[in-house]
Each structure stands twice: as C-alpha cells, then as structure tokens.
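**Q** Please find the sequence and the predicted model below.
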Amino acid sequence: KAMFDLPLAWQTKSKSKPHRSFAALGKARACMGLGEREEAKAGYLFSLKEYAAGAWHEETLRELAMLIERLAEEKVATSASDKSNSPGRRGEAHQDNRSKNKKKQPRPSRQQLAHDLSKARSEALPYWVRLFGRHPGGRHVPEALYHAGVLYSEGNQWPKAVEAFERLARDYPAGPFTGDAHVRLVDVALERDFDLLDRKS
C-alpha cells in the first residue's frame with residue numbers, strides 16, 4: 001500500500017496521470033486486502049477520475065461496482081440489526097433509565113429492507129453500465145450486463161432490464177450468467193404485468 005503512495009504523491013502532470021491512475025487501482029486493491037473498504041472505494045474512484053482512458057478500467061469498474069454492492073448489503077444489514085436491538089425490545093435485561101425512556105424503533109419490514117437495499121445498491125449501476133459500454137469485448141461484460149439488469153429491475157426500469165438480460169442471453173448463450181438472465185426475464189415480465197394491474201385497479 002505504501003509503495004503505491006509514491007506515484008500518487010507526484011505533482012499532477014498530464015504524463016503522470018496514467019501512472020497515478022494505475023497506482024490508485026493498486027492501492028485500492030491493497031486496501032481491500034487490508035479490509036479498508038471505504039479507502040478502497042475512494043481509490044477506485046480516484047483511478048477512474050485521474051485517467052478515464054486507462055485500459056485497466058474494465059477491472060476498476062468491476063471491482064468498484066462489486067464493492068459498492070457489498071457495502072450496501074452490509075449497511076442495510078447493520079441498520080436492520082441496530083433497529084432490532086434498539087432499547088425497549090423484549091430480551092433487553094439491563095437498561096438504564098435513559099434508554100428505557102427512548103421510543104421503541106419499529107423493526108423494518110421486509111419490503112422496507114428490500115427498498116433500502118435496492119436504493120443503496122443502485123449506486124453501482126452507472127459503473128456496470130460504463131463497463132459494458134466502454135469495454136464491449138471485455139471478459140466482464142456478461143457479469144456487468146447481469147448486474148445492470150438486476151439493478152434496473154430493482155429500480156422498476158423494466159425496458160432497460162429486459163434489454164440488458166436479452167443482450168446477455170443473445171450474445172453469451174453459454175455464459176455462467178445466462179441461465180439466471182432467462183429466469184430474471186420471466187421475473188421482470190411478471191413484475192411488469194403486476195405493476196400494470198396495480199395501476200389499473
């Protein structure tokens with residue numbers, strides 16, 4: 001991690017930007033290995049901003065998008081756990097007077113948790129889209145199409161979800177994400193039909 005700081009400390013010059021961008025990617029990966037995920041996220045973002053034309057950014061975009069989704073899942077899980085363990089719930093044996101007087105926080109419903117998760121995960125969507133847009137022949141394109149389709153469907157963006165899943169199924173028929181894409185296409189069709197029924201009723 002410290003070795004990657006050396007090129008990052010160089011003064012910003014046009015010729016050093018690619019080196020700084022690549023070093024930021026390396027530092028982000030080192031931070032991931034150390035469990036410093038927020039610092040890793042900052043490193044990925046800096047790498048993309050410093051030199052957007054880097055040939056290595058297919059990897060940068062994938063790793064950043066995966067990290068954002070993981071952080072979102074952990075954030076929502078932690079939030080749900082904090083609320084379920086809030087003062088005033090059964091099983092809380094030892095509470096001081098101040099915590100007894102606190103209002104009980106309602107346990108979030110499954111729908112609320114799902115909404116919070118999809119909202120937090122949606123931050124990753126632009127990076128998946130940029131991946132298959134800028135690296136159309138890249139090895140991570142099937143994965144990017146799948147994740148983008150899932151996030152589009154979570155955001156009720158049905159046409160874009162269908163487009164991503166259909167492109168995945170058409171262009172990568174034997175890929176590891178293709179079977180799931182077919183299942184998701186059925187799910188999207190059902191969700192869209194129910195959504196239309198709800199609007200009519």
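**A** That came in fine, so what should we check first? Residues are numbered from 1 along each chain as shown.
**Q** Mind naming the longest helix for the chain?
**A** Scanning the chain for the helix with the most residues, using DSSP state H, yields helix 57-84.
**Q** so what's Glu59 closest to, chain neighbours aside?
**A** Spatially, and ignoring its direct neighbours in sequence, Glu59 is nearest to Leu25 (7.2 Å; CB to CB, 6 or more residues apart in numbering). C-beta here means a position set from N, CA and C on the backbone, and glycine is covered the same way.
**Q** With Gly133 as the reference, measure out to that neighbour.
**A** Using CB to CB, to the nearest Å, we find Leu25 at a distance of 19 Å from Gly133.
**Q** Those two: which has the busier surroundings?
**A** Leu25 (24 against 13; other CB atoms under 10 Å).
**Q** In terms of helix, strand or coil, where does that one fall?
**A** Secondary structure state of Leu25, per DSSP: H, G, I helix; E, B strand; the rest coil, is helix.
**Q** In this structure it contacts Gly43, no?
**A** Yes: with contact defined as CB atoms under 8 Å, Leu25 and Gly43 form a contacting pair (7.1 Å).
**Q** all strands in the chain, in order from the N-terminus.
**A** Ranges of strands within the chain: none, based on DSSP state E.
**Q** Going along the chain, name the helices of this structure.
**A** Assigned by DSSP H, the helices in the chain fall at 2-8, 17-33, 37-50, 57-84, 97-101, 110-121, 125-134, 141-154, 158-171, 178-200.
**Q** Compare the mean pLDDT across those helices and name the weakest.
**A** Least confident of those, judged by mean pLDDT, is helix 97-101 with a mean of 52.
**Q** Pick out the residue closest to the middle of the protein.
**A** Among the residues of the chain, Glu69 comes closest to the average C-alpha position under CA atoms, centre = their mean, at 2.7 Å.
**Q** what about Ala144, distance to Trp10?
**A** Counting by CB to CB - Ala144 and Trp10 are separated by 32 Å.
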